[in-house]
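J.: What follows is a predicted protein model with its sequence.
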Amino acid sequence: MSRVGKLPVSIPKDVTVDMKSNHITVKGPKGGLERDLHPQMEIEVTSEHVLVKEPKSRDRVFRGLYGLTRTLIYNMVKGVSDGFEKNLEIRGIGYRAQVANNKLTLFVGYSHPVEYTAPAGIAIEAPKPTILVVKGIDKELVGAVAAELRFVRKPEPYKGKGIRYEGEQVRTKVGKAGAGAGAKK
């Protein structure tokens, strides 16, 4: 069975977890999250931890759901207590970002600025004009927003200009050879 699924999820003192049939609610200092889990998964909630019980079926689907269910609960608990964030870098001459009234404006080489309004529960910050920070309590939503922002101008393979995740390595291609290499006169 899953090595991840066996591990209990410890609950911090300022977080509450409620379980009703297959619906879990997690509340903490940063907010609250709710989610419907698979009805076949058995979950035991105590005051100190949440434990996902091993599924009775050895079917491949349930073996996968075992670890997934535990990870989803862990991400909910971590999100309401600490939160999640993704950092993005903007590279390119004249490329920059501005945030005003929870609306992000990107200047990334198009003829017009690209405006993006953050969904509820997500905060976007620009500590520098070339750095974006996406924050929130829902890990999936933070990742989805970061991916949408990256998609506005993906890093191109010749100069590496565009929006990329912090620390992402973009493989660059070699440009065209000059006219002198194989040109006939």
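T.: That came in fine, so what should we check first? Residues are numbered from 1 along each chain as shown.
J.: how about the strands in the chain?
T.: Across the chain, reading from the start of the chain, the strands by DSSP state E fall at 9-10, 16-20, 23-28, 31-36, 43-45, 49-52, 84-91, 96-100, 103-107, 114-117, 122-128, 131-136, 162-165.
J.: Take these and write them to a markdown table, including distance to residue 149.
T.: (Each C-beta comes from the backbone N, C-alpha and C, glycine too.) Converted to a markdown table, those look like this (distance: least, C-beta to C-beta, whole Å):
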| stretch | distance to residue 149 |
| --- | --- |
| strand 9-10 | 30 |
| strand 16-20 | 32 |
| strand 23-28 | 26 |
| strand 31-36 | 22 |
| strand 43-45 | 34 |
| strand 49-52 | 32 |
| strand 84-91 | 6 |
| strand 96-100 | 9 |
| strand 103-107 | 8 |
| strand 114-117 | 7 |
| strand 122-128 | 8 |
| strand 131-136 | 6 |
| strand 162-165 | 6 |
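J.: Now tabulate those strands in a markdown table and tack on mean pLDDT.
T.: Below are the strands of the chain laid out as a markdown table (pLDDT from 0 to 100):
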| stretch | mean pLDDT |
| --- | --- |
| strand 9-10 | 94 |
| strand 16-20 | 93 |
| strand 23-28 | 95 |
| strand 31-36 | 96 |
| strand 43-45 | 91 |
| strand 49-52 | 92 |
| strand 84-91 | 97 |
| strand 96-100 | 95 |
| strand 103-107 | 96 |
| strand 114-117 | 96 |
| strand 122-128 | 96 |
| strand 131-136 | 97 |
| strand 162-165 | 96 |
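J.: Could you export these to a markdown table, including columns for mean neighbour count?
T.: Compiled in a markdown table, the strands of the chain are given as follows (neighbours: other C-beta atoms under 10 Å):
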| stretch | mean neighbour count |
| --- | --- |
| strand 9-10 | 16 |
| strand 16-20 | 14 |
| strand 23-28 | 19 |
| strand 31-36 | 14 |
| strand 43-45 | 15 |
| strand 49-52 | 20 |
| strand 84-91 | 18 |
| strand 96-100 | 15 |
| strand 103-107 | 17 |
| strand 114-117 | 13 |
| strand 122-128 | 15 |
| strand 131-136 | 21 |
| strand 162-165 | 20 |
